[in-house]
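Engineer: Attaching a predicted model along with its sequence, questions to come.
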Amino acid sequence: MFYTQVDSFKSQYDEVYLVRNERHFKIFNFKDGQPFEPDFVLFLHNKKTEKNLTYQIFIEPKGLHLIGKDEWKKNFLAEIKAKFKDQIITFNETKKYRITGVPFYNVANENEFKKELMEYLE
């Protein structure tokens, strides 16, 4: 799915990175601190905007047979989305980020996943 979107992203952003997280970092559940290693993080950066903004999007592909087992991860991604929905996090005057989680990705829900991702980037 991302392979088909790369050209579209590159036309809108100066930098596009889809990073595979192979045990490089963890994020921690707000409720109980349980660690979660999202499989991918998508970074989209556009220097041309006034905001000099980087999007950081946590992505977790999930086979249908694992969705029930990892329900807490799905809920955590939704919590990230809700908690940081309209926030821009500023580290200094020139580095600004928007972070979010998106629904689990799998072929069965590809359209829902893509729709939520694109709505977030509007």
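Structural biologist: Cool, the structure landed.
Engineer: three-state assignment of residue 11?
Structural biologist: What DSSP: H, G, I helix; E, B strand; the rest coil gives for residue 11 is helix.
Engineer: Can you give me the pLDDT of the most centrally placed residue in the chain?
Structural biologist: By Cα atoms, centre = their mean, the chain has its centre lying nearest to residue 57, at 1.8 Å. As predicted, residue 57 sits at a pLDDT of 94.
Engineer: Quick check: phi and psi on it?
Structural biologist: Dihedral angles of residue 57 (phi, psi; degrees, to the nearest 10) stand at phi -120, psi 120.
Engineer: My read is that it contacts residue 113, right?
Structural biologist: No - here residue 57 does not reach residue 113: they are 11.1 Å apart, not a contact under Cβ atoms under 8 Å. Heads up, the C-betas are built off the backbone N, CA and C, glycines and all.
Engineer: between these two, what contacts are shared?
Structural biologist: Counting by Cβ atoms under 8 Å, 6 or more residues apart in numbering, the contacts common to residue 57 and residue 113 are residue 102.
Engineer: circling back: mind checking how far the residue nearest to the centre of the chain is from residue 32?
Structural biologist: For residue 57, the distance to residue 32 equals 23 Å [Cβ to Cβ, to the nearest Å].
Engineer: so which helix or strand takes in residue 8?
Structural biologist: Taking DSSP states H and E as the definition, one finds residue 8 inside helix 2-12.
Engineer: which residues in the chain form helices?
Structural biologist: Ranges of helices in the chain, per DSSP state H, are 2-12, 71-83, 110-121.
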